[in-house]
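Colleague: Predicted coordinates and the sequence they were generated for:
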Amino acid sequence: MSMTFISSLTASSVSTITFSSIPSTYRDLKLVYQLRFDARATANNLRLTFNGSSTSDYAWLALRGNGSTADATSGANSLEIQPGFTEGTNSTSNTFGNTSIYITNYNDSNVKSVSIDSVAETNASAVQFTYLASGYRNNTAAITSLTIAAGDSFIGSLWLYGIGTN
Amino acid sequence: MTDTPIAIEVNCATGEVTERPLTAEEIAQRELAAQKAAEEQAAREAAETAKAALKASAKAKLIAGEPLTAEEADTLIL
């Protein structure tokens, strides 16, 4: 399937980023980003929501590893999907949390599923995570906007692609 | 860094980028989401800590040849 660039954004000390009016011409969506908190010392999770909605109909399940331990974590009836950790100001300079989010069949009338792989590599002994997750929203509306948000401001870049054709 | 959280939005149809401060309602929603996320995180960590304690107890009892509780045995079965 072909992969088509839709849009990109550069974040400079923002706490919410939205791609709106996403065209319905593709089958799947792929969001790629590298972000880093600029006003929070430690690494932390971001939040992914669709269509501006923060209702408790999201769920996610993740496997995490930090180089010495591994565990699983999840959220049910959640206000968002947690797409992995990103770096804080304590992390090595110019290191970012890198994440790829794949959303299948975002136009159809079924519930929405998401696959996520994310890494936070600091080249130091601070938080380093690999994170592999599945996400889900129990809502059948087509996705027309994606929002990445956090409780603290962050910097970095995001790219949105369309995959295949609708 | 600013005191008021900033939202940025790109309209994928037009390419227009808008940047604005979050509204009071959005800030309240954000704080609610952060609070719930923290509560969920605390619940997960408590469950993980309890499971680790059960596993440690099960291991100690196995070494000592003592009977395990059902909950302790569950931690050993894949």
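Modeller: Nice, thanks for sending it over.
Colleague: Please make it C-alpha for all contacts and neighbour counts, starting now.
Modeller: Fine.
Colleague: The helix or strand of chain B with the lowest mean pLDDT near chain A at all?
Modeller: Every helix and strand of chain B was ranked by mean pLDDT, DSSP states H and E. The lowest is helix B:24-64, at a mean of 84. Yes. Helix B:24-64 comes into contact with chain A (C-alpha under 8 Å from any C-alpha of the partner chain), by way of B:30-31, B:33-34, B:36-37, B:40, B:44.
Colleague: Most neighbours among the residues you listed, which one is it?
Modeller: B:A33 (21 neighbours; other C-alpha atoms under 10 Å in any protein chain shown).
Colleague: Mind pulling the model confidence for the residue lying closest to that residue once chain neighbours are set aside?
Modeller: Among residues not flanking B:A33 along the chain, A:L79 sits closest, at 6.4 Å (C-alpha to C-alpha, 6 or more residues apart in numbering or on different chains). On the pLDDT scale, A:L79 is placed at 86.
Colleague: Would you agree A:L79 is in contact with B:E31?
Modeller: No. Judged on C-alpha atoms under 8 Å, A:L79 makes no contact with B:E31 at a distance of 11.6 Å.
Colleague: count of residues packed around A:E80?
Modeller: Neighbours around A:E80, by other C-alpha under 10 Å: 29.
Colleague: again with A:Y26
Modeller: Count around A:Y26 with other C-alpha under 10 Å applied: 20.
Colleague: quick one, what contacts A:F19?
Modeller: Counting by C-alpha atoms under 8 Å, 6 or more residues apart in numbering or on different chains, A:F19 touches A:7, A:145-147, B:9-12.
Colleague: you'd agree A:T25 is in a helix?
Modeller: No. According to DSSP: H, G, I helix; E, B strand; the rest coil, A:T25 belongs to no helix; its state is coil.
Colleague: ok, and the closest non-adjacent residue to it?
Modeller: A:T25's closest residue in space is A:N166 (C-alpha to C-alpha, 6+ apart), at 5.2 Å.
Colleague: ditto for B:L76
Modeller: In space, B:L76 is closest to B:K55, 7.3 Å off (C-alpha to C-alpha, 6+ apart).
Colleague: ok, that neighbour to B:K61 distance?
Modeller: Here the criterion is C-alpha to C-alpha, to the nearest Å. By it, B:K55 lies 10 Å from B:K61.
Colleague: Neighbour count: the two, which is higher?
Modeller: B:K55 (18 against 15).
Colleague: returning to what we had before: ok, residues contacting the helix or strand that the least confident helix or strand of chain B is followed by?
Modeller: Once helix B:24-64 ends, the next helix or strand along the chain (criterion: DSSP states H and E) is helix B:70-74. With contacts defined as C-alpha under 8 Å, 6+ apart, helix B:70-74 is touched by B:54-55, B:57-58.
Colleague: For the residue nearest in space to the middle of chain A, report the pLDDT, please.
Modeller: Closest to where the C-alpha atoms of chain A average out (C-alpha atoms, centre = their mean) is A:P83, at 4.1 Å. Per-residue confidence for A:P83 comes out at a pLDDT of 92.
Colleague: go on, B:M1?
Modeller: Confidence score, pLDDT, at B:M1: 46.
Colleague: With B:G15 instead?
Modeller: 94.
Colleague: That concludes my questions; thank you for your assistance.
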